[in-house]
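Peer 1: Mind looking at a prediction? Sequence and model below.
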Amino acid sequence: MIAVINYHAGNIASITNALRKLKVDFVVTDDPKKIKQADKIIFPGVGRAGAAMRELKKRKLNKILPKIKVPFLGICLGMQLLFDYSEEDNTNCLKIIPGAVKKFTDEVKIPHLGWNKVEIKKSSLLWKNITTNDYFYFIHSFYCAPKNKVVIASTNYGGQFAAAVQKNNFYGVQFHPEKSSKTGLKLLRNFCNL
């Protein structure tokens, strides 16, 4: 069973529709017990870092999530919250992946919105049947700047930034696979099959 974390900062409808298309069993929950029992966890996110972390703390999920041992996928804000710190709302995050989340400079249009090529940097089971420079759908104003070698894919928007990361069982994607057509569904299927 996959647990989709509901912390009132996630785009739950899009991700659950995608999982239904893939015919996988899932539960949408904020219950720590159900999250701990899940075989895999999806951590979606749309919204602001500060408000999202407040919601996680209310449910004590900020203590539970870093200890998860099963495959874990953070999407968009869900990826950003895996890092140490976000410039958005001056927020301390979950500290699972070393590094910071930074705002794009004024040299590019914010938010970064639409389809972009994703260049695969490291092999990962997430990339099965996906080729480098396939397109994924992005919408975000902040980007992740990891401190160590966790980047498994990058995208160019005013310069290179991390499009996907992996540290042990924790995966993060800055794009929205659930809104990225057939390629996005392939990535979600790959995660579900881990």
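Peer 2: On my side now, so go ahead.

Peer 1: which residues of the chain score low on pLDDT?
Peer 2: The chain contains residues with pLDDT under 70 at 10.

Peer 1: Contacts for the lengthiest helix in it next, please.
Peer 2: Of all the segments assigned as helix in the chain under DSSP state H, the longest by residue count is helix 181-192. Contacts with helix 181-192, where a contact means C-beta atoms under 8 Å, 6 or more residues apart in numbering, come from 2, 18-19, 21-22, 24, 40, 42, 71, 73, 125-130, 134-137, 171, 173, 175-178, 180. Every residue, glycine included, has its C-beta placed from N, CA and C.

Peer 1: burial count for residue 1?
Peer 2: Residues lying near residue 1 (other C-beta atoms under 10 Å) number 11.

Peer 1: about what we covered before: buried subset of the contacts of helix 181-192?
Peer 2: Buried members of the contacts of helix 181-192, counted by 16 or more other C-beta atoms under 10 Å: 2, 18-19, 24, 40, 42, 71, 73, 126-127, 130, 134-137, 171, 173, 175-178, 180.

Peer 1: now the residue nearest to the spatial centre of the chain, nearest residue through space, not along the chain?
Peer 2: Residue closest to the mean C-alpha point of the chain, counted by C-alpha atoms, centre = their mean, is residue 75 at 2.1 Å. Spatial nearest neighbour of residue 75, excluding adjacent residues (C-beta to C-beta, 6 or more residues apart in numbering): residue 44 at 4.7 Å.

Peer 1: Alright, that wraps it up for me.
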